[in-house]
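Asks: Any chance you could fold what I've pasted below:
(one chain, ligands or ions: 1)
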Amino acid sequence: MNWDDTTDTGADAERLVGAVADREDQAVEAALRPKDLGEFIGQEKVREQLDLVLRAARARGATADHVLLSGAPGLGKTTLSMIIAAEMGAPIRITSGPAIQHAGDLAAILSSLQEGEVLFLDEIHRMSRPAEEMLYMAMEDFRVDVIVGKGPGATAIPLELPPFTLVGATTRAGLLPPPLRDRFGFTAHMEFYEPRELERVVHRSANLLDVEIDPAGAAEIAGRSRGTPRIANRLLRRVRDYAQVKADGQITREIAHAALAVYEVDERGLDRLDRAVLEALLKLFGGGPVGLSTLAVAVGEERETVEEVAEPFLVREGLLARTPRGRVATPAAWSHLGLTPPRGTGPGQQDLFGA
Ligand SMILES: Nc1ncnc2c1ncn2[C@@H]1O[C@H](COP(=O)(O)OP(=O)(O)OP(=O)(O)O)[C@@H](O)[C@H]1O
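Replies: Numbering: from 1, shown residues only. Model (predicted):
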């Protein structure tokens, strides 16, 4: 289990600091998406490599190689796929793994693609097996076999496809079947963003939304955005609301600080749920080790919510460790909540405290 398991969890989508897009995000994100590689902030290596791949394809007058983008939700995979299409001067078709349950669904999409079109397949790891097998052939030979009829009388009719570029997106590249992974000419892993990069994201979005923000205000929002542009943009919108209602609309450090205190997002981007888990672990169980089920009961949440929604970020931040004996708070967790660890740490904590 790691950070990317938040993808399928409904509870995450309801949080202000959840990385999965909610309805409001979907409505406003189109306006905030960078349109070309030059506008795309951060991910230097991915940008540089992709730039080469696309330039070379353009110079050859060829369709770009298939591209696999992996990384957590909200890091810009959809945005990059649109940029790939724009840079190639090609149209884009957007669909997702869960929307393609039958091979026939995929055949219908593939057979209607134009030459050079970009097909963006989000959550490619969630496609059905028969569709996946059809995709292998389509990616490699630009051909699919459409099965007509059933049982012994079924026949395969080959269908030629125009060359196209598949851009697959996944939160779990490691779990893709190797035959699928191997058919991508270029694979890019997207990392979480540095606070400095997120500051640029916040400034850029504030500009597009016509919101005045000073550098300290942008830094305050960036630092709480959990390395994720989508969260940075969402926090910016909430802080903007606060600035409009409680002040003159301009975002400063004080305004951002006060607004995010109202929304219970702390300096490190932890929300109420994250802090409840840490507090229970520290105050009720002396920092652990404690079993997941016990911890979940203590915070009044489902086991899955604690494990899949709260823990991945706490682990990534180095505040909580999952050990064979149970969950353990790190020294950083004690200092983050302003508490002092008890003398003589528990057996599961010895490594973490260097005891
Ligand atoms: N590098 C970036 N520079 C500026 N803005 C960005 C960048 N990456 C993402 N964003 C912004 O973050 C928002 C979310 O990005 P996007 O939808 O591309 O993420 P995603 O990885 O496809 O998420 P999901 O996996 O949930 O589909 C977009 O509105 C976009 O404006």
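Asks: what pLDDT does the nearest residue to residue 57 once chain neighbours are set aside get?
Replies: Take residue 57 and drop its neighbours on the chain: the residue closest to it by Cβ to Cβ, 6 or more residues apart in numbering is residue 64, 4.1 Å away. In this view, the C-beta of every residue, glycine as well, is placed from N, C-alpha and C. Looking at residue 64, its pLDDT is 95.
Asks: And for the residue in the chain that the ligand sits nearest to, the neighbour number?
Replies: As assessed by Cβ to the nearest ligand atom, the ligand sits closest to residue 76 within the chain, at 2.6 Å. Residue 76: 25 surrounding residues under other Cβ atoms under 10 Å.
Asks: In this structure it contacts residue 43, no?
Replies: Yes - if you go by Cβ atoms under 8 Å, residue 76 and residue 43 touch, sitting 7.1 Å apart.
Asks: can you list residues touching both of those two?
Replies: residue 190 (Cβ atoms under 8 Å, 6 or more residues apart in numbering).
Asks: on that earlier part again, tell me the contacts of the residue nearest to residue 57?
Replies: Counting by Cβ under 8 Å, 6+ apart, the residues that residue 64 touches are 53, 54, 57, 84, 88, 118, 165.
Asks: which residues in the chain form strands?
Replies: Here the chain has its strands, by DSSP state E, at 67-70, 92-96, 118-122, 143-148, 155-160, 165-170, 186-189, 320-323, 326-329.
Asks: Make JSON lines out of these and add mean neighbour count.
Replies: Listed next are these as JSON lines, based on neighbours: other Cβ atoms under 10 Å:
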{"stretch": "strand 67-70", "mean neighbour count": "24"}
{"stretch": "strand 92-96", "mean neighbour count": "16"}
{"stretch": "strand 118-122", "mean neighbour count": "24"}
{"stretch": "strand 143-148", "mean neighbour count": "15"}
{"stretch": "strand 155-160", "mean neighbour count": "10"}
{"stretch": "strand 165-170", "mean neighbour count": "26"}
{"stretch": "strand 186-189", "mean neighbour count": "17"}
{"stretch": "strand 320-323", "mean neighbour count": "18"}
{"stretch": "strand 326-329", "mean neighbour count": "25"}
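Asks: May I see those strands arranged in JSON lines, with distance to the ligand as well?
Replies: Compiled in JSON lines, these are given as follows (distance: least, Cβ to the nearest ligand atom, whole Å):
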{"stretch": "strand 67-70", "distance to the ligand": "8"}
{"stretch": "strand 92-96", "distance to the ligand": "9"}
{"stretch": "strand 118-122", "distance to the ligand": "6"}
{"stretch": "strand 143-148", "distance to the ligand": "26"}
{"stretch": "strand 155-160", "distance to the ligand": "30"}
{"stretch": "strand 165-170", "distance to the ligand": "6"}
{"stretch": "strand 186-189", "distance to the ligand": "12"}
{"stretch": "strand 320-323", "distance to the ligand": "24"}
{"stretch": "strand 326-329", "distance to the ligand": "27"}
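Asks: Could you dump these into TSV with mean pLDDT and distance to residue 199 added?
Replies: Formatted as TSV, the strands of the chain follow (pLDDT from 0 to 100; distance: least, Cβ to Cβ, whole Å):
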stretch	mean pLDDT	distance to residue 199
strand 67-70	96	24
strand 92-96	95	29
strand 118-122	96	28
strand 143-148	86	46
strand 155-160	89	49
strand 165-170	97	25
strand 186-189	94	23
strand 320-323	94	27
strand 326-329	94	30
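Asks: could the ones you listed go into TSV alongside distance to residue 270?
Replies: Listed next are the strands of the chain as TSV, based on distance: least, Cβ to Cβ, whole Å:
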stretch	distance to residue 270
strand 67-70	26
strand 92-96	30
strand 118-122	28
strand 143-148	48
strand 155-160	52
strand 165-170	27
strand 186-189	25
strand 320-323	11
strand 326-329	13
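Asks: My guess is residue 218 contacts residue 197. True?
Replies: No - the pair residue 218 / residue 197 is not scored as a contact, 11.4 Å apart, by Cβ under 8 Å.
Asks: which one of the two has more residues nearby?
Replies: Using other Cβ under 10 Å, the more surrounded residue of residue 218 and residue 197 is residue 218, with 26 against 19.
Asks: surely residue 158 meets residue 145?
Replies: Yes - using Cβ under 8 Å, residue 158 is in contact with residue 145, at 5.6 Å.
Asks: on that earlier part again, return the member of the contacts of residue 64 nearest to residue 270.
Replies: residue 84 (34.7 Å; Cβ to Cβ).
Asks: Against residue 142, how distant is the closest one?
Replies: 18 Å (Cβ to Cβ, to the nearest Å).
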